[in-house]
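> Fold the following and give me the result.
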Amino acid sequence: MKIGIVGNGSDKFNAIQEKAVRRYINRILLEILVNDDIPTLVSGHSMLEGIDIWSEQEWDAADCPKDIQAPETEDWDDQWKCIKCGDDSPDSDEHFCPKGGVCEYKLYIGYKTRNLAIAKISDVTYVILSTKYPDSFTGMKFGKCYHCEGVKSPWQSQHPWHVKSGACWTGLRAHEFGHQVVFVFVNDDGSWTEVKHRTEKRICKRCGHVYERCGYCEDDICFIDEYRKKEKA
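Below is the predicted model of the structure:
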């Protein structure tokens, strides 16, 4: 079983929240081990540490396998860059490399590709988020999570306010791929709230087509209707 665990960086949690998160991650691990299954952690190995690194540390302590999906560049999209000097403007002409010879370009994986990989290969994805910026936080603050803002109301109404995170985007993609997603909202006192989304196969009463439905947010998607709309367009 592959378990994806994503969420906010360490600067979005206070010390009490960090302890609570580590306990929660350890609980996930122990519950699977008790059932005689060896879980593989799927981690994005964030440079901001936090959820990704805390999860890896718990998995290392239990000597369980990890599948690290680390980005190769701090960009959302993949980027072509010279492997010697880092130039990011490849074209048809050869670039003389300041490191010698000509530039040699490679496609570096960005956050989007990394997040999609986590969403696709994880059987269950946990998205662990802080519900409040800690007093020590000095970075840019957002009034809302714009990744969740555009999702239809049944999903939004079950999610409390939380610190913006690209992990929400990953969780949304995992849900679209038909995997179970567990959102965990951690309060500043260390308590938390779980919201579980599980996609189940249903049969459309109107056309008999198999469609998917999230048992938690009651998001019905009859794909045959979508195909018909596209055909008419």
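> Go through the helix or strand harbouring Val127 and flag the buried ones.
According to DSSP states H and E, Val127 maps onto strand 124-130. For strand 124-130, burial by neighbour count (16 or more other C-beta atoms under 10 Å) applies to Val124, Thr125, Tyr126, Val127, Ile128, Leu129, Ser130. (C-beta placed from N, C-alpha, C; glycine too.)
> buried ones in stretch 6-21?
Buried residues in stretch 6-21, counted by 16+ other C-beta under 10 Å: 6-14, 17-18, 20-21.
> what's it in contact with?
With contacts defined as C-beta atoms under 8 Å, 6 or more residues apart in numbering, stretch 6-21 is touched by 43-44, 46, 48-54, 115, 118, 125-130, 133-137, 139, 163, 165, 167, 170-171, 184, 186-192.
> cool, and stretch 171-182?
Contacts of stretch 171-182 (C-beta under 8 Å, 6+ apart): 4, 6, 115-116, 118-120, 122-127, 147-148, 151, 183, 194-199, 212, 214.
> try it again with 6 Å
Stretch 171-182 is contacted from outside by Ala119, Lys120, Val124, Thr125, Tyr126, Val127, Lys196, His197, Arg198, Thr199, using C-beta atoms under 6 Å, 6 or more residues apart in numbering.
> Now pLDDT and distance to Cys103 too, for those residues, in JSON lines please.
Formatted as JSON lines, the contacts of stretch 171-182 follow (pLDDT from 0 to 100; distance: C-beta to C-beta, whole Å):
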{"residue": "Ala119", "pLDDT": "94", "distance to Cys103": "33"}
{"residue": "Lys120", "pLDDT": "93", "distance to Cys103": "32"}
{"residue": "Val124", "pLDDT": "94", "distance to Cys103": "42"}
{"residue": "Thr125", "pLDDT": "96", "distance to Cys103": "38"}
{"residue": "Tyr126", "pLDDT": "97", "distance to Cys103": "41"}
{"residue": "Val127", "pLDDT": "96", "distance to Cys103": "39"}
{"residue": "Lys196", "pLDDT": "83", "distance to Cys103": "48"}
{"residue": "His197", "pLDDT": "79", "distance to Cys103": "45"}
{"residue": "Arg198", "pLDDT": "69", "distance to Cys103": "48"}
{"residue": "Thr199", "pLDDT": "63", "distance to Cys103": "45"}
